[in-house]
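Peer 1: Give me the fold of what follows.
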Amino acid sequence: MPEVLLVTEAARLRDEVARIAAAAGVGLRIVAVQDLGRVPDGSVLVLGSDAASRMPRLGADVIVAGFPEESVLLWEQAAMVAAHRVAVLPDAAAWLAEYLSRNRQRDGAGTVVAVLGATGGIGCSTLACWLAAETAAQGVSTLLVDTDQLGSGLDLGLAPEPLTGLRWPDLAGVKGAVNPAQLRASLPVTNGFSVLSWGGGETSSPALDVPAHAIGGVMAAASEGFSLVVIDAGRVQQGLDRWLDTADQALLLMPSGTRGVLAARAAAEILHPLTVSAVVRGPLPAGLDEELAAASAGLELAGYVPRLRGMGLVQETGRLLERGQSRRVRRPVRRLARQIMHLPSKER
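Peer 2: Here you go, the predicted structure:
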């Protein structure tokens, strides 16, 4: 089970975080900075203000915690250790308890992959849809998650008519744990995979915001109810935490060339400590291959996908999955699916 480590010598913070961990039903180990050593994979590291200034940048899930009188210091230290979250207690106690509880539930759950773009308009939604269709075709129970609140519904690119089933606005009132089996049974299905989308239907209200705690509960249930969850997260930007809290890894779709490499480097910094690998989109300039493009961005190469013309019309007419059946597309997407889910090779 993932471990929660608290690094502080402050008695007040130890008592407060211990109370929160107990409410969340998770074990807590309190350690001094000098005794920390290697942080086990999957652990959540909670740093007090007395410890954060003495820590290097870490590849773990890091939360800097403290009290209102040191709130400015907490944010400064979070930037120093590349922490994505700050918990100012006691106001953030409920959030922290929920987050730690979700981390506990992730043990043994399915794989959650976020598909993001280093730049806008590069084709994140297209790749996410093709990846979901490919894994479903290989027998993997798959959910495709739409994060674009104003995008009219990801499912419009998958079928000529909106799919029937629950959408994000229907889940805005969720509080607490969500039953994974009930969630799975209530979602639209197309081409063998489930879809959790925003608008697209006559009664949908895409303007209705879904609070972070509801998104967290739904995503935790999704990771338990499906072997693979593919998050179409769009262009990398600040404020994606509520979507990426459950993600195990990220596929960063990047253009080749100098601007694409620079954008990918910046995007990877924002996504840290999430494990990020690059999917390079063609065309490739002369003298550059996909491995060199990914290496130039400081990322491992996950794969390459070609650039296709006419994709706007394909999406408008609900033929995205049909276009993905071409050999030129399906072979690289199949390789990505095998890498993510460790599927057997079926090259033809």
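
Peer 1: so Leu144, which of the three states?
Peer 2: Under DSSP: H, G, I helix; E, B strand; the rest coil, Leu144 falls in the strand class.

Peer 1: What separation do you get for it and Ala136?
Peer 2: 9 Å (C-beta to C-beta, to the nearest Å). Where C-beta positions appear, they are placed from N, C-alpha and C, glycine not excepted.

Peer 1: Need the overlap of contacts for these two.
Peer 2: Phe193 (C-beta atoms under 8 Å, 6 or more residues apart in numbering).

Peer 1: what about those two, which has more around it?
Peer 2: Higher neighbour count among Leu144 and Ala136: Leu144, with 31 against 22, using other C-beta atoms under 10 Å.

Peer 1: Thought Val189 was touching the more buried one, still the case?
Peer 2: No. Leu144 is beyond contact range of Val189, at 10.3 Å (criterion: C-beta atoms under 8 Å).

Peer 1: so what's in contact with those two at the same time?
Peer 2: Val195.

Peer 1: all helices for this protein, in order.
Peer 2: Using DSSP state H, the helices of the chain run over 11-24, 49-52, 71-80, 93-105, 124-137, 180-186, 212-225, 241-244, 258-271, 290-296, 311-316, 320-323, 327-341.

Peer 1: Point out the most buried one among these.
Peer 2: helix 124-137 (a mean of 26; mean count of other C-beta atoms under 10 Å).

Peer 1: For the stretch 1-150 of the chain, which residues score under the pLDDT cut-off?
Peer 2: In the predicted model, the stretch 1-150 of the chain carries pLDDT under 70 at residues 1-2, 40-42, 56-60, 84, 102-109.

Peer 1: residues contacting Gln237?
Peer 2: Ile270.

Peer 1: can you pull the contacts of Gln77?
Peer 2: Here Gln77 is in contact with 47, 49, 52-53, 64, 83 (criterion: C-beta under 8 Å, 6+ apart).

Peer 1: ok, now how distant is it from Met55?
Peer 2: Taking C-beta to C-beta, one finds Gln77 at 9 Å from Met55.

Peer 1: residues bridging contact with those two, i.e. touching both?
Peer 2: By C-beta under 8 Å, 6+ apart, the residues touching both Gln77 and Met55 are Leu47.

Peer 1: re the thing from before, now for the helices of the chain, which one comes closest to Thr111?
Peer 2: Across the helices of the chain, Thr111 has its closest neighbour in helix 327-341 (6.5 Å, C-beta to C-beta).

Peer 1: Taking helix 124-137 as reference, get the angle to that closest one.
Peer 2: 70 degrees (axes from the mean of the first three to the mean of the last three C-alpha atoms, to 10 degrees).

Peer 1: So which of the contacts of Gln77 is the closest to Leu96?
Peer 2: Distances from Leu96 to the contacts of Gln77, taken by C-beta to C-beta, are shortest for Val64, at 11.4 Å.

Peer 1: So what sits opposite the closest one in the bridge?
Peer 2: Beta-bridge pairing for Val64 (DSSP bridges): Leu47, Val86.

Peer 1: and it, how many neighbours does it have?
Peer 2: 28.

Peer 1: Let me see the contact set for it.
Peer 2: 46-49, 52, 74-75, 77-78, 81, 83, 85-87 are the contacts of Val64 under C-beta under 8 Å, 6+ apart.

Peer 1: Farthest pair within these?
Peer 2: Val46 and Trp75 (15.5 Å).

Peer 1: Where do the domain boundaries of this protein fall?
Peer 2: The chain is divided into the following domains under the TED database: 4-106, 111-341.

Peer 1: Would you check how far apart Gly199 and Ser43 are?
Peer 2: Taking C-beta to C-beta, one finds Gly199 at 38 Å from Ser43.

Peer 1: quick one: which of those two has more around it?
Peer 2: Between Gly199 and Ser43, counted using other C-beta under 10 Å, Gly199 has the larger neighbour count: 24 against 17.

Peer 1: Show me the shaky parts of the stretch 151-300 of the chain.
Peer 2: If you take pLDDT under 70 as the line, the stretch 151-300 of the chain has these spans: 200-207.

Peer 1: count of neighbours near Asp232?
Peer 2: 25.

Peer 1: distance of the residue nearest to it when sequence neighbours are not counted from Val236?
Peer 2: Nearest residue to Asp232 in three dimensions, chain neighbours excluded: Ala128, at 3.9 Å (C-beta to C-beta, 6 or more residues apart in numbering). Per C-beta to C-beta, Ala128 is found 14 Å from Val236.

Peer 1: How about Asp91?
Peer 2: From Asp91 to Val236 the distance is 28 Å (C-beta to C-beta).

Peer 1: Those two: who's more crowded?
Peer 2: Per other C-beta under 10 Å, whichever of Asp91 and Val236 has more neighbours is Val236, with 27 against 11.

Peer 1: Chain neighbours aside, what residue packs nearest to the more buried one?
Peer 2: Ala267 (3.8 Å).

Peer 1: for that neighbour, what are its contacts?
Peer 2: Going by C-beta under 8 Å, 6+ apart, the list of residues near Ala267 reads 116, 118, 236, 252, 254, 276.
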